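> Structure, please.
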Amino acid sequence: MNETSKKDHRKMINKPKIIKITSFLGTKQCVQEDDAQELFEEIEQNLLDMRHVQVSFDGVEMMPSYFMNTAFGQLYSVFTIEYLQFFLSISDINLNTHATLSVVCQNAVKKERTKNEQP
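This is a model prediction of the structure:
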């Protein structure tokens, strides 16, 4: 690999993957379980590739907690908290949605801790 392509490769690795939920799913109403699973899989794959992922909630009008559990809560069964804090960021989120997402993530962490403590 020549020096120019090495630099381009480094830029690509360091550039975050931006997932705008409404564009990715094609809807502002995030209520379908299969859409949540699809979003989870997209985030998961990028995180497995060690890419920084920024998830934009811009334009999202509805996203119930069950959708968040599938799309985001499952991440805690695959990655450590520290990994997610480093590689995953959330943007353009309103206060109510942020509060719900925080509870979903806290519950997912508790669930994983409980699962890991059982013999």
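> distance of Asn46 from Gln74?
14 Å (Cβ to Cβ, to the nearest Å). In this view, the C-beta of every residue, glycine as well, is placed from N, C-alpha and C.
> now swap in Gly59 and tell me
For Gly59 relative to Gln74 (Cβ to Cβ), the value is 23 Å.
> lowest-confidence helix or strand of the chain?
helix 3-14 (a mean of 53; mean pLDDT, DSSP states H and E).
> continuing past that helix, what's the next helix or strand?
Later in the chain than helix 3-14, the nearest helix or strand by DSSP states H and E is strand 17-20.
> Which helix or which strand is home to the residue most central in space within the chain?
By Cα atoms, centre = their mean, the chain has its centre lying nearest to Ile43, at 4.9 Å. Take DSSP H and E as the rule and Ile43 turns out to sit in helix 33-48.
> what's whatever helix or strand comes next after that helix packed up against?
Sequence-wise, the next helix or strand downstream of helix 33-48 (DSSP H and E) is strand 53-56. Under the contact criterion of 3 or more Cβ pairs under 8 Å, 6 or more residues apart in numbering; DSSP states H and E, strand 53-56 touches strand 17-20, helix 33-48, strand 88-91.
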